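# Pasting a predicted model and its sequence here:
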Amino acid sequence: MTKNKKHKFIKTQVTPVEPYDPSAMLEAQNLIKKFGDLNVLNGINEKIYAGEKIAIIGPSGSGKSTFLRCLNVLEDPTDGYVFFNGNNLCDLAVDINIQRRKMGMVYQQFNLFNNMTVLKNITLAPVHIGLSDLKKIKFKNAGARFLNLFRKNKKPLIPVEKTAKQIKAEAEENAMRLLKRIGLEDKANVYPSTLSGGQRQRIAIVRALAMNPEVMLFDEPTSALDPEMVGEVLNLIKELADDGMTMVIVTHEMSFAREVATRVLFMDEGKILEEGAPENIFNSPQNPRLKEFLSKVL
Amino acid sequence: MAERFQLFFKHFAEYGGYKNILLGLRNTLVIAVCGLIIGIVIGTLIACVQLAGKRNKAAKVFSVAGEVYTAIFRGTPIIVQLLIFHYIIFSGTGINSLLEAVIVFGLNSGAYVAEIMRGGIASVDAGQLEAGRTLGLSYTTSMIKIVFPQAIKNVIPTLGNELIALTKDTSVAGYVATMDLNAAFTAIAGATYDFMVPYIMLALVYLVLVAAMTVLIKLTERRLKKSDKK
Ligand SMILES: Nc1ncnc2c1ncn2[C@@H]1O[C@H](COP(=O)(O)OP(=O)(O)OP(=O)(O)O)[C@@H](O)[C@H]1O
Ligand SMILES: [Mg+2]
């Protein structure tokens, strides 16, 4: 590792980075992940383009969740790179917090904040980020104003677009609009523990949407739900897909994958063994492991 | 039997025993409550440093120091700590004996509270932190806004137990010349040559104190539980 911040990567090895594909939104290059001696991802190369709906299928323990979590570097890859809009997410000089704001993630276990109301769950991040940006601008302006006292050519101040009050009001308005969209506006002021699984998961989705993400990552969003609640969550995801959202969904719902996905990836033992349009994957699978997997789940 | 009680109450009322006991009660509560407050400050600091030590090599030094601190204060009896502070560390400083007891109980409690805080933070599901991070909040922000509030809620009953334990432990503060409850009742016992009545009374006072604290803890707990179920 060199001292230069630009080349300070999460992993120790600094291989020359292949040029990323500028037309891809997300790109994984030779992604390898080990947990101790366990090889979970064994070199994944994948490009995901804007507007695609990717379904990832595969047996349990094949590394689907790990792959998804590497895409927003929730897991640090042991080797390889992830590019998001051309930013190398494994480069410590790239502010991962800023990049993640454009990548929504939804978990099997919802992970709503237990100590906050539904509304606060949705507005927490937008308000916090808005306010801390505002603070930074004000701090910079104060500095500039002070230095302007000694300057001949006064530097212009950064315009403050919104006050703290406006930021909060806007975030709440947006949250209420999203809650209305899923028909849960009357739940704005309750705590998550009082809600059903389906309601919680839809709120978790809406919480991610409040950040206006460019891509949504779903890790088995319906696996922890009672059967009668699966439909409401899948319908919401379908709506998002119809609105053109780019998404990557790890799922065991094969009929959903067939219906919504534009491309299906089949993973086993940390590799993508086959990928293609859903018709091809489900109707004429080539790889013997995929055939075996489908014979079990279909 | 009745004379014994009479003797006790005589000393209690007429020879100023009640003054000592009130002072002792005050001191016991001051030591326990202030000790716990100092303990919470120290314990939270140690727990935070240990969290930082997991992510940052420089903080690792402080984290190890915290571990040594915890090992020392949990590994020796409080009475030995009191004696060491009284006869070695504070010797010749002329420090007020109540302040001395508060400091030692605070330092001691810090070691226990560090463990409590660590457990409280660990009891918050890892998904909570992850959800904060995926929304683009920094580690520190996620901890402060999401994890710590839940951890504090989880540890309040345990901190209550720590207060009870401290209250009972203050009974050794008399060893370093602090007038605590135990010392106040022992003074009466010494003056009347009767040990039975004063010590039974002492036990009753502790029981009432602890019962009152238990009720307070239960009430707080119930309040906290309610706030999650609106
Ligand atoms: N943090 C971790 N530490 C150690 N091993 C892990 C960790 N996370 C995952 N693994 C292991 O990595 C392997 C792949 O896990 P992963 O969760 O990616 O599988 P998956 O395809 O999502 O499976 P499932 O369908 O059951 O969710 C498993 O053997 C799992 O035990
Ligand atoms: Mg998984």
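Sure thing, it's come through. Ligands and ions are numbered 1, 2, ... in the order given.

# what's the helix or strand for residue 154?
You didn't pick a chain, so chain A it is. Assigned by DSSP states H and E, A:K154 falls within no helix or strand.

# actually it's chain B I care about, not the one you picked
helix B:148-169.

# now check the longest helix along chain B, is it near chain A?
Ranked by residue count under DSSP state H, the longest helix found in chain B is helix B:17-55. No - using Cβ under 8 Å from any Cβ of the partner chain, helix B:17-55 stays clear of chain A, with a minimum separation of 12.1 Å. For glycine as for every other residue, the C-beta is placed from the backbone atoms N, C-alpha and C.

# buried sites along that helix?
B:17, B:20-21, B:23-25, B:27-28, B:30-32, B:34-36, B:38-40, B:42-53 (16 or more other Cβ atoms under 10 Å in any protein chain shown).

# how much does that helix deviate in direction from helix B:148-169?
With axes from the mean of the first three to the mean of the last three Cα atoms, to 10 degrees defining the directions, helix B:17-55 sits at 140 degrees from helix B:148-169.

# From the rest of the structure, what touches the helix or strand that comes right after helix B:17-55?
Later in the chain than helix B:17-55, the nearest helix or strand by DSSP H and E is helix B:57-75. Residues from elsewhere that reach helix B:57-75, judged by Cβ atoms under 8 Å, 6 or more residues apart in numbering or on different chains: B:45-46, B:49-50, B:52-54, B:81, B:107-108, B:110-112, B:114-115.

# on that earlier part again, on contacts alone, who are the packing partners of the longest helix of chain B?
Packing contacts for helix B:17-55, counted by 3 or more Cβ pairs under 8 Å, 6 or more residues apart in numbering or on different chains; DSSP states H and E, involve helix B:2-13, helix B:57-75, helix B:97-122, helix B:148-169, helix B:181-192, helix B:196-227.

# Tell me which of these sits nearest to A:L112.
helix B:148-169 (12.0 Å; Cβ to Cβ).

# Flag every buried residue along the closest one.
In helix B:148-169, counting by 16+ other Cβ under 10 Å, buried: B:148-155, B:158-160, B:162-164, B:166-167, B:169.

# and what of stretch B:189-208?
Those would be B:A189, B:T192, B:D194, B:V197, B:P198, B:M201, B:L202, B:V205, B:Y206, for stretch B:189-208 by 16+ other Cβ under 10 Å.

# Specify which member of those is nearest to chain A.
Chain A has its nearest neighbour among the buried residues of stretch B:189-208 in B:Y206, at 35.6 Å by Cβ to the nearest Cβ.

# Surely that closest one and B:T170 touch.
No - the pair B:Y206 / B:T170 is not scored as a contact, 9.7 Å apart, by Cβ atoms under 8 Å.

# joint contacts of those two?
B:L181.

# rewinding a little: pLDDT averaged over the longest helix of chain B - what is it?
For helix B:17-55, mean pLDDT rounds to 93.

# circling back to that earlier point, redo the buried residues of stretch B:189-208 as JSON lines? Include pLDDT.
Formatted as JSON lines, the buried residues of stretch B:189-208 follow (pLDDT from 0 to 100):
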{"residue": "B:A189", "pLDDT": "87"}
{"residue": "B:T192", "pLDDT": "85"}
{"residue": "B:D194", "pLDDT": "86"}
{"residue": "B:V197", "pLDDT": "88"}
{"residue": "B:P198", "pLDDT": "89"}
{"residue": "B:M201", "pLDDT": "91"}
{"residue": "B:L202", "pLDDT": "93"}
{"residue": "B:V205", "pLDDT": "94"}
{"residue": "B:Y206", "pLDDT": "95"}
